[in-house]
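Asks: Please find the sequence and the predicted model below.
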Amino acid sequence: MATNLLNNRYAVLEKLGEGTFGQVFRCWDHRNHKEMALKMIDSTLSVTDAEVYNEAGFLKMLRHKSIIRLEENFVVGDYHYLVLDYINAGSLFDVVNSNGAFTLSSVKRYARSLMEVLAFLKKNGVVHGDLKLENILVKDHHTAAIRLADFGGSFFESEFRKLHFIYIYTHHHISKYSYRSCYLE
């Protein structure tokens, strides 16, 4: 896979991680001459085209310094590909695990960065749907610059009451009250 170009443009360099429905790779963009992240989603694993296009649609719509930028999306065979900015510092989960306890000033900087992007989502009526440390990418640890990622479970607040159910993407990250309300309402 590393020798072939995907979409006549991207050379896959290394696997960065994987989730329920796919994998993420670091790749080289031969057109723009820079590293990118390539999210490869296997459509045979219960993920629908609509869910992939949902994530791509939200990423195209939501332009903010703290939201991962989508370069393009395309399909090859059974796989959907999302080409995203490559963030080399990893996730906030990785930073917490490798650095241990944060100073109070670091916590405040990260909280401020996160609140800014959440306020932006609220202003646009968007619910992320899978907010957790693994989906908060760290652009710069010293300034607490972050990029929010993985908008596959996102939806508009106005659509919440119309949804017959909400797929809970990460069960152990949701409060018991929220979890119950998904089944009671």
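Replies: Okay, I see it. Numbers count the residues shown, from 1 in each chain.
Asks: Walk me through the domains of the chain.
Replies: 5-85, 92-179 (automatic domain parsing).
Asks: Show me where the chain dips below the pLDDT cut-off.
Replies: Low-confidence segments of the chain, defined by pLDDT under 70: 1-3, 46, 161-185.
Asks: Run through the strands of it in chain order.
Replies: 5-6, 10-18, 22-29, 34-42, 70-76, 79-85, 126-127, 136-140, 145-148, 155-156 (DSSP state E).
Asks: right, and the ones you listed - which one's nearest Ser98?
Replies: strand 136-140 (10.7 Å; CB to CB). All C-beta atoms are positioned from the backbone trio N, CA, C, and that covers glycine.
Asks: Show me which positions of that closest one end up buried.
Replies: 136-139 (16 or more other CB atoms under 10 Å).
Asks: repeat for stretch 71-89
Replies: Quick answer for stretch 71-89 (16+ other CB under 10 Å): 71, 73, 79-87.
Asks: List the contacts of that stretch.
Replies: For stretch 71-89, contacts defined as CB atoms under 8 Å, 6 or more residues apart in numbering pick out 6-7, 10, 22, 26-27, 29, 34-44, 47, 49, 52-53, 55-56, 59, 68-70, 95, 137-141, 147, 149.
Asks: From start to finish, how long is it in a straight line?
Replies: Stretch 71-89 has an end-to-end distance of 19 Å (CA to CA, to the nearest Å).
Asks: Stretch 18-25 too?
Replies: Start-to-end, stretch 18-25 (CA to CA) is 9 Å.
Asks: Could I get the full set of helices for this protein?
Replies: 49-61, 92-99, 104-123, 176-184 (DSSP state H).
Asks: Just send those helices back as CSV, with distance to Gly153 and mean neighbour count too.
Replies: Formatted as CSV, the helices of the chain follow (distance: least, CB to CB, whole Å; neighbours: other CB atoms under 10 Å):
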stretch, distance to Gly153, mean neighbour count
helix 49-61, 8, 16
helix 92-99, 17, 14
helix 104-123, 13, 14
helix 176-184, 12, 10
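Asks: Between those, which one is closest to Gly17.
Replies: helix 92-99 (9.7 Å).
Asks: Reformat the strands of the chain as a markdown table; add distance to Ala101.
Replies: Below are these laid out as a markdown table (distance: least, CB to CB, whole Å):
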| stretch | distance to Ala101 |
| --- | --- |
| strand 5-6 | 41 |
| strand 10-18 | 24 |
| strand 22-29 | 28 |
| strand 34-42 | 29 |
| strand 70-76 | 34 |
| strand 79-85 | 29 |
| strand 126-127 | 31 |
| strand 136-140 | 16 |
| strand 145-148 | 19 |
| strand 155-156 | 35 |
